[in-house]
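> coordinates for the following, if possible.
(chains A and B)
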Number of protein chains: 2
Amino acid sequence: MKNINQLTPKEIRALIRKGKWNRPTAGLALGYAQANLVVLPQKYAFDFLLFCERNPKPCPLLEVLEPGQYRTEFLSSDADIRTDIPRYNIYLKGKLETAVKEIRGFWKTDFVTFLLGCSFSFEEALLRAKIAIRHFEENKNVPMFITNIPCKPAGIFYGPMVVTMRPIPVDKVTRAVQITSRYASVHGAPVHIGDPLEIGIKNLRKPDFGDSVTINKGETPVFWACGVTPQAVMMKAKPDLCITHAPGHMFITDLLNEELATL
Amino acid sequence: MKNINQLTPKEIRALIRKGKWNRPTAGLALGYAQANLVVLPQKYAFDFLLFCERNPKPCPLLEVLEPGQYRTEFLSSDADIRTDIPRYNIYLKGKLETAVKEIRGFWKTDFVTFLLGCSFSFEEALLRAKIAIRHFEENKNVPMFITNIPCKPAGIFYGPMVVTMRPIPVDKVTRAVQITSRYASVHGAPVHIGDPLEIGIKNLRKPDFGDSVTINKGETPVFWACGVTPQAVMMKAKPDLCITHAPGHMFITDLLNEELATL
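Next up, the predicted model:
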């Protein structure tokens, strides 16, 4: 077998579909966009679509499927979102009930699938510009924090924005803003630069999710909206059922990150 | 009374609400964004929201209201979309039934309101960059054409994209692309530059809507997605009921065009 790092998105999805890869997808199919998954019964679909429309930074829509549809059209021509993600979380009334390797048995004809952009895309762009990513260097998960920035509510959905933090050398902060601004469909420009207290974060060493990373002298903490926001929102809104990817276990698309960039 | 050109958006909306202005809104409240209106019963709302999400160039969402809500939150804090537009079109099963000055009597608690960006915003930006707008110079309505570019369908909604055409001097075409790219929420960058036949337009002198304008030697026809697209789509999808603004009679917002610009 070829090393998985050399495989195409289609080949990796085939492995995942056969149950031969159930680990996180970070670092796989470099150059290709990965996506967050949210599946909801149709009765919640308008509210959640509106929530995404009102909160494009934490919830940037890459593709939304018609009710019952489980094949993407835009992000891939041959993927099945019921089987092509390594690990799924199933939430019942806002509570994580179980994690599973495929969701064919759970599927209902009124399920609506939302695929949201993921920060892996802009991290690659930062690396190309020689802006190091600390959690990569330290082989950790990105630190994530619950802020005091409220999302704009929509229907039953509401809650605070979750952000990721990356320490950036002070002389590269402007460049980091410029680069990530090009990627509006994968969280885009930072939501905050500098003092974490301004957005309700009391201790940068104690992230709410993920790992703590080193912040060196001469570095500014920079905060981007995070795709964990919808999962936090589900815990508050408590829909009867919601299926998401398990954190880090993303849907790998056929779309190049560069195809997502503007200007 | 002050000249209407000196009034604020709030003052103009108050005049419209009292029935004292029932004409087109082009040229009013310069600097402020104007918006297209689409109102649909809730049963069509998910499909149309999805249609907008899939077709952001012809249908750029500025604000979507919760079912039954008729007051905007983002575009203005004191507007009532049932009364603050000079003229409304009412479509029954896709057919224009009547035009009215206010829609309070038609309002139902399940109506969902969509406000979409309008090209007035980027036209002002072009003018600021000394790129003349021919239909202004000739005191006409912008020429609009039905193209062979299909919109991405969503639920019951489908149809071809409608575009506007503006002749641009060849040495300013690149600049016009750059400027309008900054305004993604008001139709954004052109969808086509040059040969109209490539997008199914046979005769530039015979627009499907609006007026024909002069194209001089040394000018390239440049085509932008047009906010008439949703009305064309309604005629095909034939929802039981749809209320829109009457063409040219827009909702004047409190948002500056510059607040809509990116980068």
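> the closest residue to A:Pro58 other than its chain neighbours: neighbour count?
Nearest-residue entry for A:Pro58: A:Thr229, 3.6 Å, with adjacent residues in sequence omitted and distances by C-beta to C-beta, 6 or more residues apart in numbering or on different chains. Every C-beta, even on glycine, is put in place using the N, C-alpha and C of the backbone. Burial of A:Thr229, expressed as a neighbour count using other C-beta atoms under 10 Å in any protein chain shown, amounts to 27.
> ok, now A:Asp211?
Using other C-beta under 10 Å, the number of residues around A:Asp211 comes to 13.
> that one: what's it in contact with?
When contacts are counted by C-beta atoms under 8 Å, 6 or more residues apart in numbering or on different chains, A:Asp211 is found next to A:135, A:138, A:140-143.
> now a PyMOL select for only the buried ones of those residues.
A single PyMOL command suffices to select whichever of the contacts of A:Asp211 are buried according to 16 or more other C-beta atoms under 10 Å in any protein chain shown:
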select buried, chain A and resi 135+141+142+143
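> which residues of the stretch 1-150 of chain A lie near chain B?
Residues of the stretch 1-150 of chain A found near chain B (C-beta under 8 Å from any C-beta of the partner chain) are A:42, A:45-46, A:49-50, A:53-54, A:61, A:64, A:66.
> state the pair within those residues that is farthest apart.
In terms of C-beta to C-beta, the residues of the stretch 1-150 of chain A next to chain B reach their longest pairwise distance at A:Arg54 and A:Glu66, which sit 21.6 Å apart.
> low-confidence stretches in the stretch 101-250 of chain A?
The model of the stretch 101-250 of chain A has no residue with pLDDT under 70.
> how about the helices in it?
A:120-128, A:134-137, A:173-181, A:229-237 (DSSP state H, counting those that start in this stretch).
> give me the angle between the third one and helix A:120-128.
Right, helix A:173-181. Between helix A:173-181 and helix A:120-128, the angle formed by their directions is 140 degrees, by axes from the mean of the first three to the mean of the last three C-alpha atoms, to 10 degrees.
> how about the CA coordinates for helix A:173-181, as CSV?
Taking only C-alpha atoms (Å, rounded to 0.1, in the frame of the first residue of the first chain), the coordinates of helix A:173-181 have been written out as CSV:
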residue,chain,number,x,y,z
VAL,A,173,0.4,39.8,12.2
THR,A,174,-0.6,42.1,9.3
ARG,A,175,0.5,39.5,6.8
ALA,A,176,-1.5,36.8,8.6
VAL,A,177,-4.6,39.0,8.4
GLN,A,178,-4.0,39.6,4.7
ILE,A,179,-3.5,35.9,4.0
THR,A,180,-6.5,34.6,5.9
SER,A,181,-8.7,37.4,4.6
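> write the PyMOL selection for whichever of the residues of the stretch 1-150 of chain A next to chain B are buried.
To isolate the buried members of the residues of the stretch 1-150 of chain A next to chain B in PyMOL, using 16+ other C-beta under 10 Å:
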select buried, chain A and resi 45+46+49+50+53+54+61+64+66
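> tell me the one of the residues of the stretch 1-150 of chain A next to chain B nearest chain B?
A:Phe46 (4.2 Å; C-beta to the nearest C-beta).
> so what secondary structure elements neighbour the helix or strand harbouring the closest one?
Element membership for A:Phe46 (DSSP states H and E) is helix A:45-54. Helices and strands touching helix A:45-54, as assessed by 3 or more C-beta pairs under 8 Å, 6 or more residues apart in numbering or on different chains; DSSP states H and E, comprise strand A:61-64, strand A:111-117, helix A:229-237, helix B:45-54, strand B:61-64.
> try it again at 7 Å.
With contacts taken as 3 or more C-beta pairs under 7 Å, 6 or more residues apart in numbering or on different chains; DSSP states H and E, helix A:45-54 sits against strand A:111-117, helix B:45-54, strand B:61-64.
> average pLDDT for it, rounded please.
Model confidence over helix A:45-54 averages 97 on the pLDDT scale.
> that one to strand B:111-117, inter-axis angle?
Taking the same axes, to 10 degrees, helix A:45-54 and strand B:111-117 form an angle of 30 degrees between their directions.
> next, the angle helix A:229-237 makes with helix A:45-54.
Going by the same axes, to 10 degrees, helix A:45-54 makes 130 degrees with helix A:229-237.
> now do the buried residues in stretch A:199-217.
For stretch A:199-217, the neighbour count (16+ other C-beta under 10 Å) marks A:199, A:201, A:204, A:207, A:209-210, A:213, A:215 as buried.
> can you redo those residues as a markdown table with distance to B:Tyr158?
Written out in a markdown table, the entries for the buried residues of stretch A:199-217 read as follows (distance: C-beta to C-beta, whole Å):
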| residue | distance to B:Tyr158 |
| --- | --- |
| A:Ile199 | 42 |
| A:Ile201 | 46 |
| A:Leu204 | 49 |
| A:Pro207 | 45 |
| A:Phe209 | 41 |
| A:Gly210 | 42 |
| A:Val213 | 48 |
| A:Ile215 | 51 |
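> just these now: which is nearest B:Pro190?
Comparing the buried residues of stretch A:199-217 against B:Pro190 with C-beta to C-beta picks out A:Ile199 as the nearest, at 37.8 Å.
> which residues touch that closest one?
Neighbouring residues of A:Ile199 by C-beta atoms under 7 Å, 6 or more residues apart in numbering or on different chains: A:147-149, A:192, A:223.
> let's see 10 Å
A:145-149, A:160-161, A:163, A:191-192, A:223 (C-beta atoms under 10 Å, 6 or more residues apart in numbering or on different chains).
> any idea how far it is from chain B?
21 Å (C-beta to the nearest C-beta, to the nearest Å).
> setting aside sequence neighbours, what's the nearest residue to that residue?
The shortest distance from A:Ile199 to any non-neighbouring residue, by C-beta to C-beta, 6+ apart, is to A:Thr147 (4.4 Å).
> burial of the one you found, as a residue count?
Around A:Thr147 there are 22 other residues, counting by other C-beta under 10 Å.
> list the contacts for it?
Listed by C-beta under 10 Å, 6+ apart, the contact partners of A:Thr147 are A:160-163, A:191-192, A:196, A:198-201, A:208, A:223, A:225-226, A:229.
> now, which of the residues you listed sits nearest A:Phe106?
Among the contacts of A:Thr147, A:Thr229 lies closest to A:Phe106 (C-beta to C-beta), at 23.4 Å.
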